[in-house]
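> Dropping a prediction and its sequence here:
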Amino acid sequence: IRRLSDIEKLNSLLSESKRAVVIGGGVLGLEAAWELKRSGLFVTVLEQGDQLMKRQLDQEAGEFLKSIILEKGIDVKFQAVTREIEGEEKVTGVRLEDGTVLPADLVVISAGVRANVSLAEDAGARSGRAVIVNEHMETTVPGIYACGDCAEYEGINYAIWPQAVEMGKAAGANAAGERISYKTVTAALTFNGMDTSLFAVGDPGKDPGRTYEVRREEDGEKKIYKAYYYEEGKLTGAILIGDTSDMGRILEEIE
């Protein structure tokens, strides 16, 4: 789904569809799954990994979110690798690597983005997950800059708006002859759907080389989960589900 015309096409298919499969259990996939469910379809989400939003959530938060989604009547399958989308004139099902076929009248693929690095590589620039840049947004070819969704800085290709804005400022200034450095923007994610809200920011215990102190709060009845990750007394990351009213203070503290 990239353009308004894609949404119009999707809407035109809803009335003749009963079952939908969403490939990808990230935030956009789950948002799509929720809207399809609200439109009256039976929805299955396929996730290649063993957890929802693994990059942003810890295991406990992933399980908590899964329980909320299942309660809403959306099925979630983990370690589900898609082998083939079946059908001739239109889709009839999704076949997984293990041979399972899930009947489907509609399929939405939400499997992330991949940087288009061909232009940079043709110019001699190195790439990894994306076009590799330094703190000035300069590629490995002097005088050529990259920023935003196509750029990889310190091994990370965020491909989200806040980073693209700040990278663009640095790349543009440096290409015009200035010498400024890009300051990494704290990566934050918000999700609204499944009759809940979610906010995740920073590092929720993902670095095996660091020692974290973790503080958790959970209220199963009110569907509220909170986790705070600290290193040497400093807040490094946080996850809020069900009650995100504290996100402003958390962002300030991490900064």
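Received it, and whenever you're ready, just let me know what you need.
> so after the least confident helix or strand in the chain by mean pLDDT, what's the next helix or strand?
Within the chain, no helix or strand scores below strand 188-193, which has a mean of 91 by mean pLDDT, DSSP states H and E. Scanning forward in sequence from strand 188-193 by DSSP states H and E, the next helix or strand is strand 196-202.
> who's in contact with the following helix or strand past that following strand?
Sequence order places strand 213-219 as the next helix or strand after strand 196-202, per DSSP H and E. Here strand 213-219 makes contact (Cβ atoms under 8 Å, 6 or more residues apart in numbering) with 60, 64, 205, 224-231, 242. Any C-beta I mention is one placed from the backbone N, CA and C, and that applies to glycine too.
> Most neighbours of all those, which one?
Each of the contacts of strand 213-219 was scored for neighbours by other Cβ atoms under 10 Å, and residue 225 scores highest at 26 neighbours.
> list the contacts for residue 127?
Residue 127 touches 115, 117, 120-121, 152, counting by Cβ under 8 Å, 6+ apart.
> Among these, which one lies nearest to residue 5?
residue 115 (24.1 Å; Cβ to Cβ).
> List the contacts of the nearest residue to the closest one once chain neighbours are set aside.
Once flanking residues are discounted, residue 115 sits nearest to residue 130: 3.6 Å by Cβ to Cβ, 6 or more residues apart in numbering. Taking Cβ under 8 Å, 6+ apart, we find residue 130 in contact with 115, 117, 146, 149-152, 157, 159.
> what's the spacing between the closest residue to residue 201 other than its chain neighbours and residue 46?
Nearest non-adjacent residue to residue 201, counting by Cβ to Cβ, 6+ apart: residue 188, 4.1 Å away. As judged by Cβ to Cβ, to the nearest Å, residue 188 and residue 46 stand 26 Å apart.
> okay, the two: which has more neighbours?
Neighbours per residue, other Cβ under 10 Å: of residue 188 and residue 46, the larger number sits with residue 46, 25 against 17.
> How about the secondary structure of that one?
What DSSP: H, G, I helix; E, B strand; the rest coil gives for residue 46 is strand.
> for the protein, what spans make up the helices?
Under the criterion DSSP state H, the chain contains helices at 4-14, 27-38, 59-71, 118-122, 161-175, 247-254.
> residues contacting residue 208?
If a contact means Cβ under 8 Å, 6+ apart, then residue 208 has no contacts.
> How about residues contacting stretch 237-252?
56-58, 61, 64-65, 68, 186, 188, 190, 196-206, 219, 222-229, 235, 254.
> Look up how far residue 25 lies from the residue sitting furthest away from the middle of the chain.
Most distant residue from the mean C-alpha position of the chain: residue 177, 34.7 Å away (Cα atoms, centre = their mean). Separation of residue 177 from residue 25 (Cβ to Cβ): 45 Å.
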